[in-house]
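Engineer: please find the sequence and the predicted model below.
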2 protein chains.
Amino acid sequence: MCAVHVRHKPLTSLSKPRQLVLVVPALKSQVNLSRMVRLAGCAGITRIITSGPSKVDPKIARDGADHVTIEKRRSLVPVLKNLKQDGYRIVGLEQTDDSHLIYEYRYQAKTALLIGHERHGITDEELAVVDDCIEIPVYGMPFSYNVVTATTMGVYEYCRQFPK
Amino acid sequence: MCAVHVRHKPLTSLSKPRQLVLVVPALKSQVNLSRMVRLAGCAGITRIITSGPSKVDPKIARDGADHVTIEKRRSLVPVLKNLKQDGYRIVGLEQTDDSHLIYEYRYQAKTALLIGHERHGITDEELAVVDDCIEIPVYGMPFSYNVVTATTMGVYEYCRQFPK
């Protein structure tokens, strides 16, 4: 192969703004939120709602910090209820007794993706509001993906289904 | 929804060991290698070859560190040539003038996924050995995904195509 590396190809444009919102609990590690902001920026996501500190490290989030709005809320349950009223499907990224395999799940365009806490996952109160849960198969130790890694897979799958 | 959170479901078993090898340059940040080890462990990948330091932080890699073999090599070009002789298809995760859109790319089961350096990407010498490059669309700032985020997407897409 005689390919030539192309640094920073033009961005892929979207026919309309991404209708994917990330809903993130108060994480153990603030680094994880900053990493999600960079992910969101690159994926064309413009809105993150969190019940944790909204402070972002610009060295990690890069320019994502300027292009993603981070809304800080006291509790996520009312946020999820409001999103549902606004027509969003609430999708929890969590292993439950009723979760869909991510490989087989079809996202609705207007989706709020609820992320679980690193240790505790999604709370029972939040699960009661969730429409669907999706789970990512784990094939080996240490049993669970890092929270940003899991979020990356959930976002990637969404972008794959809505590439434009 | 009245789903119940299931913590650490049984692992998804593979009918045969994953034939995906990660080939990783000397990264700027050693944290990134540790994060890749956790990703690899969870994805059932057992082999990482790197030309950088092979030291892994067990607080980040978790039990992945016990289940993933990290081979340290002076240079990656001979590694890639050997893998190719062993029947691996060499796939570079890089934007080039000839790269395939990741959404449309069909992996061969026996694949060596070459990761680019955080700043410099894949070198010209490595690109000369690569069979195919795959690129991940970027929809917004900061123009490029973090190296672990990109690796996560490449690994996720492979696992999606070879779920068992």
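Structural biologist: Happy to help now that I have it. Since this is a predicted model, take the numbers as computed values, not measurements.
Engineer: so A:Gly92 sits in a helix?
Structural biologist: No: A:Gly92 is assigned strand when assessed by DSSP: H, G, I helix; E, B strand; the rest coil, not a helix.
Engineer: so what's it up against?
Structural biologist: By C-beta atoms under 8 Å, 6 or more residues apart in numbering or on different chains, the residues touching A:Gly92 are A:Ser99, A:Leu114, A:Gly116, A:Ile122, A:Glu126, A:Leu127, A:Val130, A:Asp132, A:Cys133, A:Ile134, B:Ala3. The way it works is simple: take the backbone N, C-alpha and C, and place the C-beta from them, glycine included.
Engineer: nearest to B:Val21 among the residues you listed?
Structural biologist: Among the contacts of A:Gly92, A:Ile134 lies closest to B:Val21 (C-beta to C-beta), at 27.9 Å.
Engineer: please see if the helix or strand where the closest one lies touches chain B.
Structural biologist: Per DSSP states H and E: A:Ile134 is located in strand A:132-135. Yes: where contact is defined by C-beta under 8 Å from any C-beta of the partner chain, part of strand A:132-135 touches chain B, namely A:Asp132, A:Cys133, A:Glu135.
Engineer: what of stretch A:155-163?
Structural biologist: Yes: between stretch A:155-163 and chain B, judged by C-beta under 8 Å from any C-beta, the touching residues are A:Tyr156, A:Glu157, A:Cys159, A:Arg160, A:Pro163.
Engineer: buried residues in whatever helix or strand the first one lives in, which are they?
Structural biologist: The secondary structure element spanning A:Tyr156 is helix A:147-161 (assigned by DSSP H and E). Applying a neighbour-count criterion of 16 or more other C-beta atoms under 10 Å in any protein chain shown, one finds A:147-160 buried in helix A:147-161.
Engineer: next one: stretch A:104-120
Structural biologist: Buried, per 16+ other C-beta under 10 Å, within stretch A:104-120: A:Tyr105, A:Tyr107, A:Gln108, A:Thr111, A:Ala112, A:Leu113, A:Leu114, A:Ile115, A:Gly116, A:His117, A:Glu118.
Engineer: what's the helix or strand bottoming out on mean pLDDT in chain A packed up against?
Structural biologist: Scoring the helices and strands of chain A by mean pLDDT, DSSP states H and E places helix A:64-67 at the bottom, with a mean of 88. Packed against helix A:64-67 by the contact rule (3 or more C-beta pairs under 8 Å, 6 or more residues apart in numbering or on different chains; DSSP states H and E) you find helix A:30-43.
Engineer: and the helix it packs on with helix B:147-161, angle?
Structural biologist: Going by axes from the mean of the first three to the mean of the last three C-alpha atoms, to 10 degrees, helix A:30-43 is angled at 70 degrees with respect to helix B:147-161.
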